[in-house]
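> Fold the stuff below for me.
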Amino acid sequence: MVRNENQAGNSTNSDRTPVVGGPLAYSADGRLEFDGIPVAQLARDYGTPLFVYSAGHIAERLAEFRAGVGGRKHLICYAVKANSNLSLLRLMNAAGVGADIVSGGELFRARKAGIPADRIVFAGVGKSAAEIDEALSADIHMFSVESEAELREISRIAAETKREARISIRVNPDVDAATHPYISTGLKENKFGVPHEEVLALYDLARELPGTEARGIGFHIGSQLLGLDGYRDAAARVRSLLVELRGRGFAIDHLDVGGGLGIQYDDEQPPGMAEYARTMFEAFPEADFPDLTLVFEPGRSIAGNAGVLLTRVLYGKGNAAKHFDIIDAAMNDLIRPALYSAYHQAWPERSERLSETREADLVGPICESGDFLVRGRRLPVLEQGDLVALASAGAYGFVMSSNYNSRPRAAEVLVEAGPDGGQASARVIRRRETYDDLIRGED
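Predicted structure coming up:
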């Protein structure tokens with residue numbers, strides 16, 4: 001049974017090193033640093049709540065991924081939905097990475113960041129006519145088609161505008177990815193993809209329809225996956241379809257194997273990115289598929305542990321049943337705990353706080369009982385004014401934030417190494433919203 005999105009255990013922060021595969025570490029004098037910059041300095045310079053990201057960590061994750069790819073044909077399309085900040089997308093573009101998009105807005109962001117259209121794949125079950133037209137105008141690499149109705153709509157718009165859409169049909173392989181039900185995408189009860197038994201007929205239809213060219217096939221079975229068996233099972237099912245399609249004369253030369261590889265939030269031990277890449281290529285050996293390009297769509301596995309959310313303790317309060325540390329970050333800043341019961345490690349800025357713990361909740365100022373960032377865990381005994389870093393907030397953090405309770409959204413900061421790997425520096429990549437921003441566009 002899945003306990004929560006992260007498969008978290010019940011371990012406490014105080015019994016292990018404060019590193020979750022990301023940039024957080026304590027200095028020799030016991031002060032928490034992010035890529036060598038004291039988090040107290042970041043909070044002082046930019047305020048809290050504050051999202052902070054590491055360019056170096058992102059580069060390391062991409063390098064690890066490519067180590068598993070080797071010399072095989074591939075296209076890495078970063079899942080924009082994980083974190084869509086333009087500066088992060090520019091990092092992806094500079095590294096030769098494309099974009100996996102699920103909306104017209106994400107297409108706009110990817111193009112603004114300079115990502116070439118021929119490195120963009122458009123997924124998602126509900127592409128509107130306007131979004132399809134925008135993607136056709138940009139001449140994106142491929143549409144990932146998720147239903148017959150969508151295929152017909154793409155064909156209609158392409159034919160009417162005298163353009164051609166390269167398509168890949170997303171197969172729902174009915175594979176249990178063993179993850180939180182809200183982020184499982186490869187089972188029959190999920191809304192995503194085309195049932196395995198209907199795929200061949202849909203390709204036959206695509207061959208008849210004007211304005212479409214079937215070039216790919218793909219699957220995506222879920223997110224925060226902590227093992228490779230689900231990938232292997234899905235690959236085996238899709239491989240048989242690929243062989244059948246080629247036998248029927250379809251020039252399928254792209255295989256989209258999705259993304260969804262998990263990261264460490266608590267005590268998980270997900271497979272390495274290189275191992276994941278090698279596993280996918282082993283399922284489609286070069287001897288059998290020499291002309292096949294594999295398309296990968298990593299998101300969380302690239303950005304998740306590259307970021308933290310810094311927050312400050314406003315007050316402490318307690319009753320006979322529980323202690324609460326009230327912080328200036330809230331569910332509008334980081335909704336994952338309330339939405340998925342997700343686990344984020346919480347590290348005090350001063351390591352001396354780790355010596356004494358108590359069961360407590362970290363809660364925000366929002367008028368909802370569901371406004372918690374940490375609930376029912378043993379946490380350091382914190383004092384008013386203390387800084388706390390919530391780890392693993394680089395993916396599905398700011399991008400899912402809102403203005404609920406008319407709260408301005410947090411600032412985002414990127415930390416980058418200096419020339420020749422010198423002293424790291426930070427810069428604002430999204431300014432903190434103001435009250436005027438809250439009402440912009442209203443009449």
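
> residues near the closest residue to P298 other than its chain neighbours, how many?
Among residues not flanking P298 along the chain, G259 sits closest, at 4.5 Å (C-beta to C-beta, 6 or more residues apart in numbering). Any C-beta I mention is one placed from the backbone N, CA and C, and that applies to glycine too. Residues lying near G259 (other C-beta atoms under 10 Å) number 25.

> would G259 count as being in a helix?
No - counting by DSSP: H, G, I helix; E, B strand; the rest coil, G259 is not found in a helix; it is coil.

> H220 is in contact with that one, correct?
Yes - counting by C-beta atoms under 8 Å, G259 does reach H220; the two are 6.9 Å apart.

> which intervals of the chain have sub-threshold pLDDT?
The chain contains residues with pLDDT under 70 at 1-21, 175-192.

> And the residue of it most remote from its centre, how far from V363?
What lies farthest from the middle of the chain is A320; by C-alpha atoms, centre = their mean that is 39.4 Å. Using C-beta to C-beta, to the nearest Å, A320 is found at 17 Å from V363.

> any residues in contact with both of G259 and H220?
E297 (C-beta atoms under 8 Å, 6 or more residues apart in numbering).

> Which stretches in the stretch 301-443 of the chain count as strands?
307-318, 323-327, 346-348, 357-363, 372-380, 387-390, 411-416, 425-430 (DSSP state E, counting those that start in this stretch).

> Actually, the stretch 51-200 of the chain.
In the stretch 51-200 of the chain, the strands defined using DSSP E, counting those that start in this stretch lie at 74-79, 98-101, 120-122, 142-145, 165-172, 194-195.

> And the second one, what does it pack against?
Looking back up the chat, that one is strand 98-101. strand 74-79, helix 86-94, helix 104-112, strand 120-122 (3 or more C-beta pairs under 8 Å, 6 or more residues apart in numbering; DSSP states H and E).

> Quick one: closest of the ones you listed to P270.
P270 lies closest, by C-beta to C-beta, to one member of those: strand 74-79, at 16.0 Å.

> Could you dump the helices and strands packed on strand 98-101 into a markdown table and include distance to A424 and mean neighbour count?
As requested, the helices and strands packed on strand 98-101 are arranged in a markdown table below (distance: least, C-beta to C-beta, whole Å; neighbours: other C-beta atoms under 10 Å):
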| stretch | distance to A424 | mean neighbour count |
| --- | --- | --- |
| strand 74-79 | 22 | 25 |
| helix 86-94 | 15 | 19 |
| helix 104-112 | 26 | 18 |
| strand 120-122 | 31 | 26 |
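
> if we can go back for a sec, which of the strands of the stretch 301-443 of the chain sits most buried?
Most buried of these, by mean neighbour count (mean count of other C-beta atoms under 10 Å): strand 387-390, with a mean of 26.

> re earlier: any idea which of the helices and strands packed on strand 98-101 gets closest to S27?
S27 lies closest, by C-beta to C-beta, to one member of the helices and strands packed on strand 98-101: helix 86-94, at 26.3 Å.

> about what we covered before: do you know which of the strands of the stretch 51-200 of the chain lies nearest P419?
Going by C-beta to C-beta, the one of the strands of the stretch 51-200 of the chain nearest P419 is strand 74-79, 25.6 Å.

> For that closest one, list the C-alpha coordinates in PDB.
What follows is strand 74-79, C-alpha atoms only, in PDB (Å, rounded to 0.1, in the frame of the first residue of the first chain):
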ATOM      1  CA  HIS A  74      18.400  10.200 -27.900                       C
ATOM      2  CA  LEU A  75      16.500  13.400 -27.100                       C
ATOM      3  CA  ILE A  76      16.200  14.700 -23.600                       C
ATOM      4  CA  CYS A  77      13.100  16.800 -23.200                       C
ATOM      5  CA  TYR A  78      12.900  18.400 -19.700                       C
ATOM      6  CA  ALA A  79       9.400  18.200 -18.200                       C
END
